[in-house]
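**Q** I would like to see how this sequence folds:
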Amino acid sequence: MLEEESGRGSKGWREFIKDHWKLFCLIVVGVIIASVGAILVFLWLVGNAQSTGMVPMAIGLWTMGNLVNFLLNLIFWEVLLIGVPVILVVITILLWWKRLPQESKIKYRFFGTRSRNTSGGNAVSFLVFIAFCIKVFLDGNWNVSFSTWTFNYFVYSILTALIWVLIIFGIPIALGIIWWIHHEVRIKP
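**A** Have a look, this model is predicted:
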């Protein structure tokens, strides 16, 4: 009870969303745009890597050098096209936060309680793997050698599996969060 009176725990988030709901909506939209941008940069690099000869088309012909070269290029372009703008936005939000009056900041204690949950991060990877297996089976490539798969097929199959998992679990989670915000925060127009 003392935690909620001092503004710690989930009450800090509620107060922040209630007071700054426009900024909160902008942050959510920014996260979505950055995520979609990161996927588009990845797909752009996949198509470019094959057309420029950075990597072979068939996965069975890849070498460790191809893999390292591709990953280094991926990291470079993701940081340049997505990471730098995200860092600039985070710096802008931090500067905005510093300009808030101290009285306003006191009621926003976002990390007042410590969570005891330390695992569960591997569930998404497992679900994407299961969806990937289903996609390969539905495509008729279950008993086809990996060396005959193209890089595009592999990447788009994993991306399709990820989208399936996001749709199946993401939509209900997003609706639950919207419902929670609507009922708990009671945003003032």
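**Q** Domain ranges for this structure, per the record?
**A** 1-113, 122-189 (automatic domain parsing).
**Q** Comparing those, which yields the minimum mean pLDDT?
**A** In terms of average pLDDT, domain 1-113 trails the rest of the domains of the chain, at a mean of 82.
**Q** what sits up against stretch 22-34?
**A** Stretch 22-34 is contacted from outside by 16-17, 82, 85-86, 89, 93, 96, using Cβ atoms under 8 Å, 6 or more residues apart in numbering. C-beta: built from backbone N, CA, C; applies to glycine.
**Q** can we see that at 6 Å?
**A** By Cβ atoms under 6 Å, 6 or more residues apart in numbering, the surrounding residues in contact with stretch 22-34 are 17, 82, 86.
**Q** between the residues you listed, which is nearest L127?
**A** Distance to L127, by Cβ to Cβ, is smallest for I82 among the contacts of stretch 22-34, at 24.4 Å.
**Q** picking that back up, compare the contacts of stretch 22-34 and tell me which is most surrounded.
**A** I82 (20 neighbours; other Cβ atoms under 10 Å).
**Q** quick one: contacts for it?
**A** 34, 37-38.
**Q** Which of these fall in helices?
**A** Within the contacts of I82, residues falling in helices by DSSP state H are 34, 37-38.
**Q** before we move on, the earlier item: in helices only, show me the contacts of stretch 22-34.
**A** Per DSSP H, helices hold the following members of those: 17, 86.
**Q** center of the protein - which residue?
**A** S35 (5.3 Å; Cα atoms, centre = their mean).
**Q** which SSE is the closest residue to D139 other than its chain neighbours in?
**A** Using Cβ to Cβ, 6 or more residues apart in numbering and skipping the chain neighbours, the partner closest in space to D139 is S157 (7.4 Å). Assigned by DSSP states H and E, S157 belongs to helix 151-165.
**Q** Could I get the buried residue list for that helix?
**A** Using 16 or more other Cβ atoms under 10 Å as the test for burial, helix 151-165 gives 151, 153-155, 157, 159-162, 164-165.
**Q** Likewise for stretch 14-24?
**A** Buried-residue list, stretch 14-24, by 16+ other Cβ under 10 Å: 14-17, 19-20, 24.
**Q** now, among those, which is nearest to F129?
**A** For the buried residues of stretch 14-24, the residue nearest F129 by Cβ to Cβ is F24; the value is 33.4 Å.
**Q** That closest one in helix, strand or coil?
**A** With DSSP: H, G, I helix; E, B strand; the rest coil as the basis, F24 sits in helix.
**Q** Next up, the contacts around T160.
**A** K135.
**Q** Can you give me the end-to-end span of stretch 69-88?
**A** 27 Å (Cα to Cα, to the nearest Å).
**Q** Quick one: distance of it to the chain centre.
**A** Stretch 69-88 has its C-alpha centroid displaced from the chain centroid by 15 Å (Cα atoms, centre = their mean, to the nearest Å).
**Q** quick one on the thing from earlier: between the contacts of I82, which is closest to W179?
**A** A34 (24.7 Å).
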